[in-house]
Structures are given as structure tokens and as C-alpha cells.
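[1] structure of the sequence below:
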Amino acid sequence: MFDIYPKLPNSNKTIFDCIFFYEVEGLDEDFEKTPIDLKHFDPENKHHKFKVDYYLLNKNLDIDVFKEELKAIIDLQEREFYLDLKKELEKSQNDIIFKKKLSESVNSINHSIEALQKQSLNPIQLEVSKLYQSSYKKLIKDLKKEYGVYCSELFFNILGNQELDESALFKKYFRNQLAINKFISFERELITFRYLDDNLSWLETNVSLVKFFKFCVSQEMINRNYEEKSNVLHFLENRYKINLGDQAKPSKFKKVKLLVSDFSFLIK
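    Numbering: from 1, shown residues only. Below is the predicted model of the structure:
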């Protein structure tokens, strides 16, 4: 955490201002906490501890800037991991060793995704989790492109299940295949107009995503059973790697008004 490279130039000060560093003295229930400065904090010292005030951090941190800076770090880590793994695989003496190394790496990445999905997180931790999940999923897909022909069953067992799960949700929440196709074409336009990035991460506000959902309802694309429920918004949250918080609650999103001009560029 304290050696991370590259640094978060615009976020570090805010983060560290929300961390309480202290030294533990004594044993069991008799210990005392003595505040220490960051410059005196030693991560290798078992008596040195820290606690993050997430309430204060969530209040003061510019989340968009933080996500941009963190993504740069994650992208670098992803690239280094991919190149290191590629070198290791190229050292394999035979097909059995090659497939074993590849299988262990891919399954380890997938287990990391599953572990992150099961965690109960605060809003900031959730944003970090989503960025890492997105990176891990991209890694698996990149490895599939490179090595899928050698281990097709391995990638089908992981990516196949994910694609089947998403396909089932599309069929559940959208009225028919025509509505699904229309939604996918909308996403391409949303990328062009920078509502989404190339990895399907939502770039606009939470309210604008709620309006997009309402726009899809107005276009008679959403299954009538889910037009006034949170299910589709939660689906969009996961698909677009964003946390809507209370905005996803029916009591909140029903109050959002969709204007005639909202997403009119999607109608051709």
C-alpha cells in the first residue's frame, strides 16, 4: 500500500489524511495505542498498525480521479503479469507442463474474481474491487485469445459459464431478442458518445444511468415485470462496473424524470 508504483499523485494526500497510524504497546487487553506519523510508520514492524476512516475518505476523495489513477496502476500490473506468465509458459519443457502452468494461472485468476464478488465492501472498496475484477476478466480473455486453441476446455469452463449466465439475464430482463439486439446497438452508440468506455465502464453520473434504464423502458425493451423494479439496474451496475447505491432503490429511481432530449441520439 505504501510502496505502490506508480503513485496516486492527486489522491495520495487525501487518502493518507484519512488514515490513523499508531503503535501498539503492551499485550492482550492491556495494550495502548500511540499515534505515530506516516514517516515513522514501518509496515514490517508488527507493532505498527493503521486504520482507515472510510467515512471521511468517502466524503473527501474525488472518486473519479482516484479511479483513473488506480486504473493506470492496475493496467500496468496486468501487463506485467501477462508478460511474466508468457515467459514462464514459454519455458515449459512439454505440453503437459505448459497446460498445467496455464491451468493453474487461469484458475487462480478466476478464484480471485469469485473471492472479490463474495466480499461485503464499502463504496470505495467496491470501486477498487470492480476495477480489479474487470482487469482479471480481461486477463482471462487475453489468455484465451493467445492460448485458447491449446486449452479450449479450460476457458470454456470459466468464460462459457459467465457468458451463459449473462445470456440468461438478458433473456430474463428483456422482452425478446429484438430488444436485446437493440440494447447492444445502444451500447455501441454509448461508447461513441463517451457514456461508456471500451471496457463497458460507465463514465457518466449515476442519475444518467438510471435515465438510460428508463429510456430502455420507454422504448418497450424491458420485460414488463421488471420495469419498476431494481433488478435491471443491478444488472447494469455489474455490467458497467458502477455502484448506484441508494439510487437503485425503487423509491429513488422512480423520482428521476426522463426528458424527451435524454438519449435522443440513440433514436435513428
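
[2] quick one, domains of this structure?
    Domain assignment for the chain by automatic domain parsing gives 12-60, 63-166, 174-266.

[3] want to throw these into TSV with mean neighbour count and mean pLDDT?
    From N, CA and C alone the C-beta is placed, and that goes for glycine too. Converted to TSV, the domains of the chain look like this (neighbours: other C-beta atoms under 10 Å; pLDDT from 0 to 100):
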stretch	mean neighbour count	mean pLDDT
domain 12-60	12	87
domain 63-166	15	86
domain 174-266	16	91
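
[4] show me where the stretch 1-150 of the chain has strands.
    19-25, 32-35, 48-52 (DSSP state E, counting those that start in this stretch).

[5] dump these to JSON lines, plus distance to Lys101.
    Formatted as JSON lines, the strands of the stretch 1-150 of the chain follow (distance: least, C-beta to C-beta, whole Å):
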{"stretch": "strand 19-25", "distance to Lys101": "38"}
{"stretch": "strand 32-35", "distance to Lys101": "45"}
{"stretch": "strand 48-52", "distance to Lys101": "37"}
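
[6] looking at those, which is nearest to Val128?
    strand 48-52 (11.9 Å; C-beta to C-beta).

[7] that closest one vs strand 19-25, what angle?
    Counting by axes from the mean of the first three to the mean of the last three C-alpha atoms, to 10 degrees, strand 48-52 points 150 degrees away from the direction of strand 19-25.

[8] so what strands line up beside strand 48-52?
    strand 19-25 (antiparallel) (DSSP bridges).

[9] now what about the partner strand, what contacts it?
    With contacts defined as C-beta atoms under 8 Å, 6 or more residues apart in numbering, strand 19-25 is touched by 31-38, 40-41, 45, 47-53.

[10] just give me the longest helix of the chain.
    When the chain is parsed with DSSP state H, its longest helix is helix 63-90.

[11] which elements pack onto that one?
    Judged by 3 or more C-beta pairs under 8 Å, 6 or more residues apart in numbering; DSSP states H and E, helix 63-90 is in contact with helix 95-118, helix 123-147.

[12] which one of those helices lies nearest to Tyr173?
    Counting by C-beta to C-beta, Tyr173 lies closest to helix 95-118 out of the helices and strands packed on helix 63-90; the figure is 19.6 Å.

[13] please list the residues outside the closest one that contact it.
    Helix 95-118 is contacted by residues 85, 88-89, 92, 129, 132-133, 136-137, 139-140, 143, 147, 150-151, 154-155, 158 when judged by C-beta under 8 Å, 6+ apart.

[14] now it and helix 123-147, what's the angle there?
    Between helix 95-118 and helix 123-147, the angle comes out at 160 degrees (the same axes, to 10 degrees).

[15] now do helix 95-118 against helix 63-90, angle only.
    Using the same axes, to 10 degrees, helix 95-118 lies at 160 degrees relative to helix 63-90.

[16] from the chain's centroid, how far away is helix 95-118?
    On the basis of C-alpha atoms, centre = their mean, to the nearest Å, helix 95-118 sits 19 Å off its chain's mean C-alpha point.

[17] hmm, back to that, got the helices and strands packed on helix 63-90 as a markdown table, with distance to Glu228 columns?
    Formatted as a markdown table, those follow (distance: least, C-beta to C-beta, whole Å):
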| stretch | distance to Glu228 |
| --- | --- |
| helix 95-118 | 27 |
| helix 123-147 | 25 |
